[in-house]
Each structure stands twice: as structure tokens, then as C-alpha cells.
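# Next input, structure requested:
(chains A, B, C and D)
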There are 4 protein chains.
Amino acid sequence: LADQCVEEGFMKERLTVIVLGASGDLAKKKTYPSLFDLFCHDLLPEHVTICGFARSQMADEEFRERISALLHVTEPAHEALREKFLSKCFYRAGQYGSEESFSKLHHELVDWENDQDAQVADANRLYYFAIPPNVFLDNAAAIKAVGMSQRGWTRVIVEKPFGNDLASATKLVEEMNSVLTEEQIYRIDHYLGKEMVQSLLMLRFGNAFLEPLMNRQYVDSVTITFKEDFGTQGRGGYFDSYGIVRDIMQNHLMQVLSLVAMEAPVTVSGSGNSGNHIRDNKVALLKCMEAVSLDNMVLGQYVADQQGNEGYLDDATVPDDSKTATYAMAVLAVHNQRWDGVPFIMKAGKALDSRKAEIRIQFKPAPALGAMFAGQDFARNELVLRIQPDEAVYMKCSTKAPGLRTEPITSELDLSYKSRYSDVYSPDAYTRLILESLRGKQATFVRSDELIESWRIWTPVLKQIEEQQVQPIPYVYGSRGPAEGDALAAK
Amino acid sequence: LADQCVEEGFMKERLTVIVLGASGDLAKKKTYPSLFDLFCHDLLPEHVTICGFARSQMADEEFRERISALLHVTEPAHEALREKFLSKCFYRAGQYGSEESFSKLHHELVDWENDQDAQVADANRLYYFAIPPNVFLDNAAAIKAVGMSQRGWTRVIVEKPFGNDLASATKLVEEMNSVLTEEQIYRIDHYLGKEMVQSLLMLRFGNAFLEPLMNRQYVDSVTITFKEDFGTQGRGGYFDSYGIVRDIMQNHLMQVLSLVAMEAPVTVSGSGNSGNHIRDNKVALLKCMEAVSLDNMVLGQYVADQQGNEGYLDDATVPDDSKTATYAMAVLAVHNQRWDGVPFIMKAGKALDSRKAEIRIQFKPAPALGAMFAGQDFARNELVLRIQPDEAVYMKCSTKAPGLRTEPITSELDLSYKSRYSDVYSPDAYTRLILESLRGKQATFVRSDELIESWRIWTPVLKQIEEQQVQPIPYVYGSRGPAEGDALAAK
Amino acid sequence: LADQCVEEGFMKERLTVIVLGASGDLAKKKTYPSLFDLFCHDLLPEHVTICGFARSQMADEEFRERISALLHVTEPAHEALREKFLSKCFYRAGQYGSEESFSKLHHELVDWENDQDAQVADANRLYYFAIPPNVFLDNAAAIKAVGMSQRGWTRVIVEKPFGNDLASATKLVEEMNSVLTEEQIYRIDHYLGKEMVQSLLMLRFGNAFLEPLMNRQYVDSVTITFKEDFGTQGRGGYFDSYGIVRDIMQNHLMQVLSLVAMEAPVTVSGSGNSGNHIRDNKVALLKCMEAVSLDNMVLGQYVADQQGNEGYLDDATVPDDSKTATYAMAVLAVHNQRWDGVPFIMKAGKALDSRKAEIRIQFKPAPALGAMFAGQDFARNELVLRIQPDEAVYMKCSTKAPGLRTEPITSELDLSYKSRYSDVYSPDAYTRLILESLRGKQATFVRSDELIESWRIWTPVLKQIEEQQVQPIPYVYGSRGPAEGDALAAK
Amino acid sequence: LADQCVEEGFMKERLTVIVLGASGDLAKKKTYPSLFDLFCHDLLPEHVTICGFARSQMADEEFRERISALLHVTEPAHEALREKFLSKCFYRAGQYGSEESFSKLHHELVDWENDQDAQVADANRLYYFAIPPNVFLDNAAAIKAVGMSQRGWTRVIVEKPFGNDLASATKLVEEMNSVLTEEQIYRIDHYLGKEMVQSLLMLRFGNAFLEPLMNRQYVDSVTITFKEDFGTQGRGGYFDSYGIVRDIMQNHLMQVLSLVAMEAPVTVSGSGNSGNHIRDNKVALLKCMEAVSLDNMVLGQYVADQQGNEGYLDDATVPDDSKTATYAMAVLAVHNQRWDGVPFIMKAGKALDSRKAEIRIQFKPAPALGAMFAGQDFARNELVLRIQPDEAVYMKCSTKAPGLRTEPITSELDLSYKSRYSDVYSPDAYTRLILESLRGKQATFVRSDELIESWRIWTPVLKQIEEQQVQPIPYVYGSRGPAEGDALAAK
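Reported below is the predicted structural model:
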């Protein structure tokens, strides 16, 4: 890949990455480690500068020390690169959204850029917003005013939450887009950086045997599941203000759904606006979906189990009377030619019986089984794409039980990444996404209209839940969640 | 299964198995070991007698000694059953086709039957013809005249060769059917007893994702391959009079083809005439096939390699000027709604690069790949059913190469029996088929009209080869066979 | 066609048609007019003799006079052929089933045959049984004994009723087949001679756009309807002993159903046993159908209307307490891959609102209509094949209402035979079928196993109706039949 | 419809239609007659004013006289409305693109508006550009500056030519869009107003039997044909500078193609941005098409016939050495999942054998016809949508020839509008489109990106033709065009 990227413009040009909020959690846990990972794999240009920015004063050295400990290497050989990487890292303090601060920063950036090889024409800038959304706009405006590269592209990576409902998201989008163009904004949903999610379109459209089956004629239901096997563990405060729908479903699972269900785009890979082809079709899909109704939802909240695991309300950071759902299940519908009548089931929850994220496409029963194989039970075919942990693709199928019996048994046509690709470097989602932003590939970032459509689908039910003070159904820590969820799915 | 069979009539009734040609190779290598295997798995009735029959005089004890060595056990626990099994084995000498001999034998059978529990009403008889086809008819006539069970069913197992061409096969069938009914004749093609072949219909019709794909819209070609990685090894005499087409293709591979390609039967499993439903559809399929033409064939004969492996003509038992093909490849066509235009490619050969038998269903390319994934190479999907060795089902597919690249790589959705069912008892094909004959399940035996249709398809080209003295193309021992074969397949 | 038939053997050979029951209704209304029709169209061989046979004594001339009045011509030019035709007609009296009578007849036939051109080698015989089924067997036996042609084929046309239930039909079949082979027996179901029914397979398999739609994915239901707009009109006696199910459904409508629903045969047209290919698949289809249950039936009996039309029980020839259904509706199921889950609805009745027989294939709604065309109503697509009167094929479809509106209206893609083929000769069903019997095309005649399967499906419910003395629902003469019928269809 | 439109806003509001170029041909032949037609059908608001605008001075009365003769009535009853309509027509002279002229006009418009019922809040304005494209921009700018309605919407109808190639079209679009928004611009392609074209999406997506067939599995080719049976008739000057490709194919036929081939939109009908859903998918389709290559084209130019019809070069207004094509045929490809591999054939020409415009979807042959119906010829199924003259939809199909023969004949499932809807008002394309512009339905107008994509596809080959001075193939007036066209289509 390094070879391939070298071919691309950005590797031959100068680059400055400016990490706003450099002292925060996100920057330390994700942004810097991913930048280091790219560096180790020769995927940053030779002429790169990485400048942290935050309010607190700090010398470069102090900052380097702080982040150094977080830069884990995936291969021993990379250890030697740590110092080199750190030597490219700087830190500047300033006020968020202050034109004065950004102007000062800009001049330093220009100096750094000038320090680099003058033969290299372009000097690109990537601003990474590891800051809260309430300061997005001011910083964007300041960058627009005084921080744009004069000799290359300027891009901004921002991260969720992108609003709290349709109105706030629309406002955020409109404000940001009044300052920066859609082509300059890279909205991260880190699910789009996961291996299996990235593989989805190639799997769907690159295999002749799959697309003919991916429709209402053959598919009985599609279930997209996110499960955690632990609770808020004393840190539920932030979560409580969002709840599981806003935290997981409206963004991550909707992204997965739209990739699973979208029509084939004009192009998937390739340069230029292929990113918009994919996103056009994701948006077209979302437009075929009605707003979720409360009738098609089950909400749950976990309670303590017998083994000493605390319930959600036992978390000291959670209000005693919180009605926030830690589990939700919803049945969505896609009213288009391909999917009309096929339920899309979303499930997400904390403190459940296992930890996993997966897509499960269940097929209708084979026709006339009862007549052809009287008295025998066949399991349904299911195509499962496990996103985490342990990426896998498998098709649940029926074969004759081996031996003398002529009964069916359930088996799997299996592709487990762990066993198949045990020695392959598997980068973090952030590493993938930062690289794609450098390459200018917007397909894996959230376009504003996607965001708006997703909020259109979810906002009414969220309002209703809040207004009606809907009481979530209690479920025991470590269980499958409320039985009502399974019941709704079975309908 | 034993439980299940007990429910069926034959397990509660008396049974005599008469092995004609008891001293021959087939009886010793296949018939007796399989009967012992069934015995060990409690799949012979309590009141069973097994009587060998051949021309040479021998005492029971001597016969038991001869066969004892050949009765391998699959589980140590079965060792203890050997003596018990042998105690049920007897031997009688007589003339093949002699009414006198069979009449005498019949009276002994009746005596044995009478020795059994009188409470059991029925006494069934299975004659196993481990004898050359030229004595089939006389023995059948003698059995019909004096050897039929008066208190239960009488069935006859016969084995290939069933004629040498359409005329001889028709004669054989007509003669046999003038003596015994089709319901009494069980023609073995041992490929029908192989695990993967037995699994075929359940795989095809029991999985909703497969049948929609099994047609001319999606399938580019179907290849049925039989390869051996050794030659005639000094025992080519018998083979030389048949050649690879008659030895492998006209029977075994045609059976596999007809199961892969047939329409869904009225019933697959179940009692009664479901066996005819399957065979009706196999015959209907064969009727949609034209006779093979020489233009669509490649013939080969192996020659010595550099490692000291002899060529076919070096085999001392083979005539020096033999034109017998040890390799053949043919492209067949099925003119029905499902398969019109899809080539069915058959390949069989000795002394090739590997040993295997498999079915390979290659799919057409996914549409618009070039537009959606410009510049990227995708392998074709292939569904492979490996019959031997190491039964497996796998779908060759494309996934995104894991890691940062967005290129496709070829992978497999895999179901390998060896790893999945490592501890499952895998009976020999003969064991399966003898059991099915006892259960009266004719679906896995060759019906006369199947036989006739298969010969109709193959006879013209075989005649042509003989009349035109077609010279097979030499290929080196251990190679892939003549390049012309690959070229024809690629057309 | 005459040209084409001349190519076929029978036109060049001698032929004798022997009409048993020559003085009966069937012979006079159907057999002789159809033979005359064939004669007028040059579709009888030059050397043809037609010999009536019945019990009453009559001279040839008297007989000729009797039938002459019934020989309607379809074209004025044919009038001139009447005398010539009559000159080939003879009459002989004798006892049904009497070997003596048939032996005598046979010798006269031989004489006639000998009178013909001796250059013509073969002399074929077609016995037309225009007699009650209770004398079928004796006559067949007598023919077999002394009436077979020695120099050509001998065929027998028989007509329903073929038994009254499974047991009686099985007996009839077994008895007849013990005397004549299946190849010699031509069982007429005159629906198989109707233009639209004869066209069915060509329509289904000769049009690329139809077969892809003819399955459970697209078809919502198939309705086969037979309606008469008159009652028994004082001649209900015969009908009363049968009822509408035995009179119409079990035979005519089941034939239509099996042609509509069967799989594509190996061959449709062509010589030889192609007739069996079609019938094989009709039988395979019937085998996929369960016996009809009373739950899936509605029975009705018409009562007088206000306009003076009598009710069924008012018919003097009908018992006052008759529970015989004059209307029946049944929902049948076909458990195979193509049709699993699609209801096949049969409706038949007398004294209904119109006179027609048709097949109506209703499609499922187009997907996502509600989303794509919000607030607009689309009619379902229906492919209708009208069998009588006025043969037609039409597809009910939706188009934009012409003009400025953008609403759908229901329209038809229409092929009306009357307007399209107004000047084409449309032969009677009997004319078609007699010709096919002469050509040896058995596909349009009922094979014994079809008959048996059809009775298997209908016998249980008929027994149940009789045993439970099920009371039919009254419906008014000239109405649509009982509302319960529509309700059942709508389920 | 009038009822329905009354419900819509524009009917209750004030409306001024300003016809720029009011004295030109287009205005007189199309704009005014269509406005009158709408008026007669109660499809203009009560408070409507129609103001002609051009350079020449004229009094209202004079102008009214000029147009009065052109206002044909479709129903006698409408005659009475002529005077009323004319009383709403005014005329003002001015300079195109002059802010002064438009400002003056604006004030008069406001006066007229004020004369209307003051209860009606909104006053909308529709500018109809019946002027050459070189003055589009200036007029648009003047309108933007001083001519916008202050109390309602302002829309502009423009008409082709929209540029001459990709560069000029892009320039035109960019300039116009710099002044007016896409929502304000209604680009007419009058083919989008034709009955059959308007019906296309309802036909495709409202009928369950059609969409399953509309893809590469079943369709062999799609041919879109435009034929005129007359030449330039002495008025070829204008045409000569464009040629048949620019005149017919790049716009009209591409519009037809994109509607025939596009994917199902999120919504077809309904309010709001459903127009963009359709246009999104039209653009997505065009993006899947490569630029046309000269290898896939045939060009022709007609020459005189024997009946005295002049050749193209005989037209005095045409340069003697003109290489302008009067006939063109091109094979296009759509590289998406639905159509990959299906040729889209476009044919357009003058002086051909007939006058018609139609879409012909030819299906692949039904499978296994040769096996099922040996020796019989079946025509291909073709679904034909005739756009003009005499709108019709028909499916060419095969049925059994009626009568005794069992051969297929070609027939049609037919829906001819003329016979079916003989009495229905069929408005002119312009009437439809002006109404749709008033209703704000942009789906039937050309969006800028459609235009650009279409020029992207056609520009390279047009350049090549010009640069290489490609000589068109001569064909005789009244013939089918060059034989090379048929040959290319047959490939």
C-alpha cells in the first residue's frame, strides 16, 4: 500500500496535521496512535509536521513525553521509529475559535512548511477536531478566516456527536457548511473504518452469487446487532444524556444498514467523486425509510445480576430516576423495490450476554421443504458478517448429516479472518480513516444529507420517548435483554 | 440410525444375504467388510444369515478364515463382534445359473430361516451378485425359478459393467427385466454411495440460497472431475478393454451430473416410490442431453515421466499399440430451461497431477465489475463439492484484502468435513448402499432407463472413436493431462 | 395442415373408424360431425371407411340419413362433400362385447380394407367408444380377441366418466390396461381439445417473458373458472348423480390446472413419446398436490330467481332432497419449488351470472408502490386466458391515464382471437382430438396415472361430503354464487 | 384534473406569464396555443395575465389579432373562450437583456397584479424564453436584477439548444446557474411531455410483471427509434449546422433512454423534491455510460429517390459539400448491474420509410426452444412503446396458430391508445409541460447535470466526426437508411 500511496499526490507533498484538543482523550487514544501507525507503515509524507493545539500551555518536549507512552507499536521493528515520529510532533497553545490564535498558528505552519523541501510545491493541511461539537463552528470559522493552506488542500476531520436531533443536526450542518465546503469536511463514524464494514461493498458487488439473493424474494429479515457484555462501570454520566439509540443506533448501526441495503453505486472504488456515488445511494436508501415508530421498538435498562454486577441505576454517575435506555431494539422498513416488506431489525445494548457486532441476513425457507423432505427439520440459511470481535463471514446452511443418516444438520460455510489471515496487519479504524482523509476519499465519511436523513428517521421516536417518559423494561445484567425484544423480532 | 432402522420392517424380520461369487475380489474387499460394518453398527437384523456361494468347494470354517482377515474394524469395541459375525456366515458351493444348485441352496435357506424365531413372520432375501455380468441372467433366472423367498421380499444387487454400449446394455436390461421386476433389481454405482453425492440433493434443495443460483442465468459452467495420480501399475489389462469413458464417465460421472443438474423431485426422502421421483427426474434430465460429439472431446494417453513412472503402453498387460484413452474430457449440453447454454464439462484421467473427484460450479462474473471497481481483478465465484478425498463444500469468493488496501483477494467460504466432522463415522459407499437396499430405498440405485439414456449419450462417440481409430494425445505421467483439454474447456 | 398430415404415415394408409354406439347422442353430435369436418379439410386418408355399430338393426342408407342432418358445414364449399363422405359411412348392428359380433365385423372390415388400394400396406383401425363405461371392458376384450388390425395400428378412443372415485377409476384402468396397452387407449377429455388449452404450452414456453414470472415469487394466485349461465333445465337427472365436482372439476379443470402449472417437459411437440414427456410432468405436478380438504371448499346449489328461472330442486328430474352441489369452489395447493404457497382456486357452477371458462393468473402487487406513487391505486396485474367463449389472452395492467392526469388506470394488453383471427377456421375440440388420435399424438389424451392422481386428490373430500351429507349453500339463479366462495378466495 | 389543480397553490394565486420572443415561431406555434389550451381546460388561475415581450413595437390589439388565428380549439365549446383568453393577453416591447426594459415591465406587472383580487396573497411569475440561447443569460440576469416577483415564485422556462458540446453546455449552465437557482430553471425537452414518455415510469414500476424482466437476464437489446418520412424540404439551413445527433439523439432520445433504463426512484409522483429523485437516477444512469465511439456508429445522408424527392444536398439552404448526417445509428452501453452487456441502440433519421418514434425492448429467446419445439420457429418477444404517431404499448409474442396446426405464429398483446382511448383529450407536449412548470413539478424538465452528462457521452464522437470529416453513407429518400445501420444493430 505504501507503494501505492506514494503514487498519490499527498505523499509527495508537504503535510501539516493540526490536532485541536491535543490534550484530550480522543487525541491521545486515537489520533496520535493512528498517526504513528501510519508513520510506521510509511503512509505519511516525508515532509509531515504534526502540531497539537489546546488551551493549556506546554512545551513541545512535555507534550511529546505525554503522548509517547500512548504510541504502541504493532511490530518490534517500529520501536525505532518512535523518536523520529516524535521529532515531527509539536505543540502550540491557543484559544479555540480565536482568529488571533489561529493566525499565529498559521504563521508557524507556514514557517514549518517553508523549512521543508522547497521543491515540493504543495503544502496540505489536515485539521483534526478532537474537540467538543459546541466549538466546531468557531474553530472552523477561524480556520476559514486565517488558517487555510494557500498552497494545497485544507481538510477538517470532525467527529460525533453531530447534533442531538433533526433540528440541532440541521443547524450544525448548515453552520459548518456556511464556512467550509462539503468537500473539506470529513465527518468520522468510526464504524466506517472497521474491516468488515469496509469490505461490505466488495463482498456484495464483487461476488456474483450474492447480489441475486439480496432482496425481498429471498431475504426474510436483516438483523444488525451491537452488544456489549459490560455496563457503564461507574462512568455512565455522559451516556445517560444520550442513551443507546443516539450512542449506537442512529449513527453506527444506520451506517451499517445503509451499506448493507443500498443499491449498487455507479462506482465503488476509483478516484474523484466515487465517494459521492456511494453516498448518493446511501442517502437514496435512507429516503426510502419511514421514521421509526414507538410500536416497533423495545427499550430496556439493565438491573443488577446475582453475581454482584451493578445495575444501571446503581452507577453513581447516573440519576436515580433515569429512564435512559441501555438497550433498544427497533424494526425498520425500507420501502423500495428491493426491500419492500423485509424487516430490518436493529439491536443494541450494554450489559448483555456477549460482546459482538454483526450483520445477520436471514433467508426465507427453501420452498416445498415439507413435501420434498417430509418430517425433517432444516435450519434457515443465514449469512452472517461479524464486525467484531474476530471478523468473519459465514453462511449457515444445511447439509446431510455425515454417516449413514439422511437427516439434515446445520453447518457453516465459513470464512474466519482470524484463522485465514492470522498474520495480516489489521489497522485500527482511525488509522484507516485518517489515511482515507489524506487520500481525499470521502466515501467513508458521513455526508451532511446522510446525517440529516438519519436524524429524520430517529428524531420523532426519540421525542416521543422523552415526552411520554417511556419507562424502559428492566433486564438482568448479562442476559439477552428484555424478552419483548425477541418477541418483536419474531413478529 | 440403528434406532431408526429398527422401526423399519426389515430389522424386525428374518434376512438371508446370499453372496454369489463369494470367493472373488469384490466380495472379499467390499461385500463382506460392508456387511460386517453394518453388523457392528447394529444395522443387520437379529435373525440374519449370510451365505457365500461360488463354484469351489469349501467348508464354512475355511471360508470364515478367509474372510476374517478382511474384516477391518473402525472402532476397537467392534473387535469383539468379529466372531459373532462369522458365526452367521456360511458357505455353499454350486454351479452358477444351475436350477439344481439354487434349489438345493433354497432349501438350506428355508432351513436356516426356520431355525430363527418363528414369531417373525417375514423372511427376506438379498442376493448379492459379485459375479461377472455374463452370468447375471442365468443366475437371475435360476433365482426366479427356485430361489425366491416365499415369505418376504427378494432383491438382487448387481454391479457394473452394465453393458458395453447402447445395444448390449439394452439387451442386458431387457433380459434381466424379463426375469425380475425393476423393483427387485438394485444396480450399484458406488458413486451414489459416496457421502458428498448422497448429500447433493439435501444441499441443493434444503438451502434457500442455492437453488436460485443453479441455472443458466448465473452458472457459467459445471465441471465434474475425476483424477487419479497413478497409472495402471501393471494391471492395465482389464482397463484397456474399457477405457476411461466406459470406466468412469458413462457411469460414475453421469450419475454425479444427473444429480447436480436434475430438477427438484416430488419428494427426496420418505418412503415408497420416492426413489422413483428422483430417478424420474434424472432420466428427464438425461433425455434433454444430446449424444456427445467427438468435436467436444479430447482423449489422452499417459507416457512415462522423467521420474521413472511408466507410460501406459509400458504396462506389460496393455497391448503395445493400444489406443485406449486413459484421459478424456468432454463438453456436454443440457437442453432444458434451466441449463440451456451452460457447458457441463467432464474430465477423467489416470496418472494425473493429483487424486480427486469433485464438482465445480463456476459462476458468471458479477455484472459491471469493471465500472464499479475499475482496474481491479476479481476471481470468479465457484462452488466446489469435493467428493474425494477429504469431502468438502466451499464457495470461492472475493473479499477485500484485510488491512489498509482496498483490493479484492480470493478467499473461501469453507466447509471441510475433515475439520468439521473429524470424529464422525464415515461408512464406505458399499456399506451405505447395502443398507439402502435392505431398507428398500431404490433412489440410490441405477434404474434401467437411466442406464439406457446414458448409453444413448455415449455410444455414438465411443463407436466413432473405435471406428476411426482415434489416436489419444500423449501426456506425461503426473501432468494435468493434454493441453487440448484445457483449451476445449476454455472455449 | 393437410399438407403436413399427408407427410405423416396415417394419411397414406388405409383407415377404418368404427363408432361403437353410433346411434347415441355423442356419436351424432360430436363423432360424426368431427369426422366430416376432418374429411372436408382433407384430413382423413383417401382410403377411409367409417362404420357405425350399435344394437339396433338399420340399413346403411337409413343410418346415413340419420346422421346427414347433423353434418353442418363450416364453409359453403364443403356442402358438395357431404355425399362423398356419406358414401364412406356404413352401419352394422351387433351385441356390445360379443366376440361373435366383433368377429363378424372384423371380417367385413378386412373386406373393406381389401377393397382399397392394395398398394397401401397398412390398414389402421380406430374404435371410438361412444358407449357407456360399464360396457368399455367387454368391448375392449372383444376387440382385443378378434378385432385388432393385423396390418396396422389399432386404437381405442374412450370418454368420461372414468370412474366415480379412486377405487372405481383404479379398477376401470386396471381392467382396461389388462386388455389393451396404454399406447392403444386414447382417453378423451374434450377440454384438451380446446384452442386455448392447446395453446397453453406454446404460450408458456415459447415466450421468453412469461416463464420467468410463472412462479411463487410473482404469482399471487391462479384461478380456474367454469361458469354456465343456465341450470339443468329439466334434464338434471344425470347431473344429479355426479355433481359439479365430478362433472367439471376433477376432470376438465384439473387438466387445465396441470397444464398451467406443470414444469417444462423434455419436449412439447415432435414425434414419438413426447406425449409422455408432457404427461410425465402433469403427473409429477399432481403428485405434489395434497388431497382437497373440506375446509378449503364451498358448495352451493342454485335456487329460483325472481325472473321465473327455476331452482335446481325445482327440476322435476332432480330428487326433492338432493344435496348435489351445482356450484363448487376449492382452493388447492401445489407443494413444489415453483408454486409452494400459491393458492390454485377452482370455481365451477351452473346458473351463474355469466358463461365462461378461463384461467386467471393474478400477480402480486408491484413492490414499493405506496412509496413510489403515494396515494394512488394500482390494479393488480392479471394474465387471463379465456377458454370460452371468444378465446382471448390478455394482461390486465396499469398505465398512466391519458391526458394531463398522472393517475394510473387499468387497461389491457389484449389479444382477442375473435378480432385478430376472425377468418380462421376454428375446429371443434372433438375434431382436434380425433385428428390427434389418428396422428398418434397421445399428449392430449388422459394417461391412466393422471386419472388416478386426480381421483386421489378429489376422492377423500367427495366421500366426506357424501358421508356428512354436507348441505350446499343456496344461491340465486344468475348470481355470482355463494358469497362464501368469494370469501374463501380472498383468504 | 382541473379539480385537482385547484387544490394546488398556484391556481389560487395570481400568475403572470411573460413570453419573451412573443413574435417568434415558437411562441406562436407552441406557447400561446398551449396557454389557451390550459385556459380552456380551467388550468390557469383566475387571476392570470399573459404578457408578450419582444423588440418590435405593437399594440395589445394588434398582438391579439396575430395570435388569435393560431389558437385552435379542440372542442367547439371552447370557441367561446377565445375572447376571454385574449383579453388577458398583453404585449410590451423592449430590449432583450435590458435592465431598463425589464424594470419598466416589472412595474407594469406589479400594476396588473395589483389590479387583481387583493385577497390573493401570492403573485407568481413564469418567464417563457422563446428566444435564442445567446440571449438567455442577459435576460436571466435582467430578470434576476429587476424582474423577480416579490410575492411568489419566479420561474423561467428555457428551451434547447442547450449548447453545442460539453464545453458550451457547461458554460451555459454555469452562467445561468450563477444568476438563477436550479429550482427556478425549467429546461424543456418536449419529448418529456409526450404521453407515452410520461407514462413510462408508471408502466415500468406500477406493473408487477414488467420490472422483473427489465434487465440483462432477459433483455437482448433496447432500440430507441426516431424516423421522419420527409426531408428538410428546402428548410435545411438550421438543421445543417446541428445534424441529426445534436437535433434528436443527444437530447430527445437520451431522455427516453434514461427513463427506460433508470433504476426505480425513491418516489415517482408526489410533491416536493420527487422530481429530483427521478432526475438523480437519470443522472446515475448516464454516469454508467461511456462516451459513444465512432466504431459504434453509422452515419447517413439521404439522396434523391426515383419519385422526385430531392436529396439532402439538393436542398438549396444546405451547403453543397455538407457532410451533415441526416441519419445516425449508435450502439450505447450501460455499465451497471441491471444492463451490463445489453446494447442500447439509437436510430434517428430523416427521409426514411416511415414516420414514428418508438422504444423496442427485445427479449432473449426463450430457453431450450429447439429441444422443446423441434423444428419450429418462434419470433422473439418484443415490448414496443410507440411514442408517435398513435401511441401504443404492445408485446410481440408467440401463440399457437389457431386451428388444427400446432405451429407458433407471431401475435401481439396490444394496447392501442387510439382504439382504447379514442375520445380522451390528448394535450400537446407543451401544454403538459407548461402546466407542470406551474405546478412546480421539475421531474419532467432537464436538470443541468443530466445535460452535462449527456454531452459528456456525445461530445467526443461529435468532435471526431467533425475533425475527421467523416463522410456519411448515402441512402435513398424513403428507404430504411444505410444497410450498415442494420448490420451494426445485428452485431
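# Could you use CA atoms for every contact and neighbour count after this?
Noted.
# Does chain C have contacts with the helix or strand hosting residue A:259?
Assigned by DSSP states H and E, residue A:259 belongs to helix A:254-261. No: for helix A:254-261 and chain C, the contact criterion (C-alpha under 8 Å from any C-alpha of the partner chain) is not met; the two come no nearer than 14.9 Å.
# could you say what helices and strands that helix packs with?
In terms of contacts (3 or more C-alpha pairs under 8 Å, 6 or more residues apart in numbering or on different chains; DSSP states H and E), helix A:254-261 is packed against helix A:195-206, helix A:274-287.
# ok, 10 Å please
Judged by 3 or more C-alpha pairs under 10 Å, 6 or more residues apart in numbering or on different chains; DSSP states H and E, helix A:254-261 is in contact with helix A:195-206, strand A:219-227, helix A:274-287, strand A:343-349, strand A:356-363, helix A:448-467.
# for these, which one sits closest to chain C?
With C-alpha to the nearest C-alpha as the criterion, chain C lies closest to helix A:274-287 of the helices and strands packed on helix A:254-261, at 10.0 Å.
# Next, the angle from the closest one to helix A:195-206.
Computed by axes from the mean of the first three to the mean of the last three C-alpha atoms, to 10 degrees, the angle separating helix A:274-287 from helix A:195-206 equals 90 degrees.
# Need the winner for burial among the helices and strands packed on helix A:254-261.
A comparison of these by mean neighbour count, using mean count of other C-alpha atoms under 10 Å in any protein chain shown, puts strand A:343-349 on top with a mean of 24.
# returning to that earlier point: can you list the helices and strands packed on helix A:254-261 in a markdown table and add distance to chain B?
Formatted as a markdown table, these follow (distance: least, C-alpha to the nearest C-alpha, whole Å):
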| stretch | distance to chain B |
| --- | --- |
| helix A:195-206 | 5 |
| strand A:219-227 | 9 |
| helix A:274-287 | 9 |
| strand A:343-349 | 18 |
| strand A:356-363 | 7 |
| helix A:448-467 | 21 |
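# Out of the ones you listed, which gets nearest to residue B:459?
helix A:195-206 (42.4 Å; C-alpha to C-alpha).
# is chain D contacted by that closest one?
Yes: judged by C-alpha under 10 Å from any C-alpha of the partner chain, helix A:195-206 and chain D are in contact via residue A:205.
# again, but for stretch A:344-356
No: looking at stretch A:344-356 against chain D by C-alpha under 10 Å from any C-alpha, there are no contacts, and the closest approach is 17.8 Å.
# quick one: is that stretch near chain C?
No: taking C-alpha under 10 Å from any C-alpha as the criterion, stretch A:344-356 and chain C are apart, separated by no less than 15.5 Å.
# Now do that stretch, average pLDDT.
Averaged across stretch A:344-356, the pLDDT comes to 97.
# same check, this time on stretch A:398-406
The model assigns stretch A:398-406 a mean pLDDT of 89.
# that older thread, in a markdown table: the helices and strands packed on helix A:254-261, plus distance to residue B:415.
Converted to a markdown table, the helices and strands packed on helix A:254-261 look like this (distance: least, C-alpha to C-alpha, whole Å):
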| stretch | distance to residue B:415 |
| --- | --- |
| helix A:195-206 | 19 |
| strand A:219-227 | 22 |
| helix A:274-287 | 33 |
| strand A:343-349 | 28 |
| strand A:356-363 | 19 |
| helix A:448-467 | 39 |
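# Which single residue in the stretch 151-300 of chain A comes nearest to chain C?
Nearest residue of the stretch 151-300 of chain A to chain C (C-alpha to the nearest C-alpha) works out as residue A:217 at 6.4 Å.
# Surely that residue and residue C:217 touch.
Yes: in this structure residue A:217 lies within contact range of residue C:217 using C-alpha atoms under 10 Å: 6.4 Å.
# Give me the buried positions along stretch A:80-90.
Burial within stretch A:80-90, assessed by neighbour count using 16 or more other C-alpha atoms under 10 Å in any protein chain shown, is assigned to A:82, A:85-86, A:89-90.
# Check stretch A:428-443 too.
For stretch A:428-443, using 16+ other C-alpha under 10 Å, the buried residues are A:428-438, A:440-443.
# Contacts (any at all) between chain D and it?
No: no part of stretch A:428-443 sits close enough to chain D to count as contact by C-alpha under 10 Å from any C-alpha; the gap is at least 16.2 Å.
# Work out the gap between that stretch and the centre of the chain.
Per C-alpha atoms, centre = their mean, to the nearest Å, the displacement of stretch A:428-443 from the mean C-alpha position of its chain is 12 Å.
# now do stretch A:129-146
Using C-alpha atoms, centre = their mean, we find the averaged C-alpha position of stretch A:129-146 to lie 22 Å away from the chain's own average C-alpha position.
# What is the end-to-end distance of that stretch?
End-to-end distance of stretch A:129-146 (C-alpha to C-alpha, to the nearest Å): 16 Å.
# what comes up buried for it?
Of the residues in stretch A:129-146, those scored as buried under the neighbour-count criterion (16+ other C-alpha under 10 Å) are A:129-131, A:133, A:136-144, A:146.
# Output the strand or helix carrying residue A:167 in PDB with nothing but the alpha carbons.
Under DSSP H and E, the secondary-structure element containing residue A:167 is helix A:166-179. Once side chains and other backbone atoms are set aside, the C-alpha atoms of helix A:166-179 remain, and they are given as PDB (Å, rounded to 0.1, in the frame of the first residue of the first chain):
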ATOM      1  CA  LEU A 166     -33.000  16.600  13.500                       C
ATOM      2  CA  ALA A 167     -33.100  20.300  14.400                       C
ATOM      3  CA  SER A 168     -29.800  20.500  16.100                       C
ATOM      4  CA  ALA A 169     -28.100  18.400  13.500                       C
ATOM      5  CA  THR A 170     -29.500  20.600  10.700                       C
ATOM      6  CA  LYS A 171     -28.300  23.700  12.500                       C
ATOM      7  CA  LEU A 172     -24.800  22.200  12.900                       C
ATOM      8  CA  VAL A 173     -24.600  21.200   9.300                       C
ATOM      9  CA  GLU A 174     -25.800  24.400   8.000                       C
ATOM     10  CA  GLU A 175     -23.500  26.400  10.100                       C
ATOM     11  CA  MET A 176     -20.400  24.300   9.300                       C
ATOM     12  CA  ASN A 177     -21.300  24.300   5.600                       C
ATOM     13  CA  SER A 178     -21.700  28.100   5.600                       C
ATOM     14  CA  VAL A 179     -18.000  28.200   6.500                       C
END
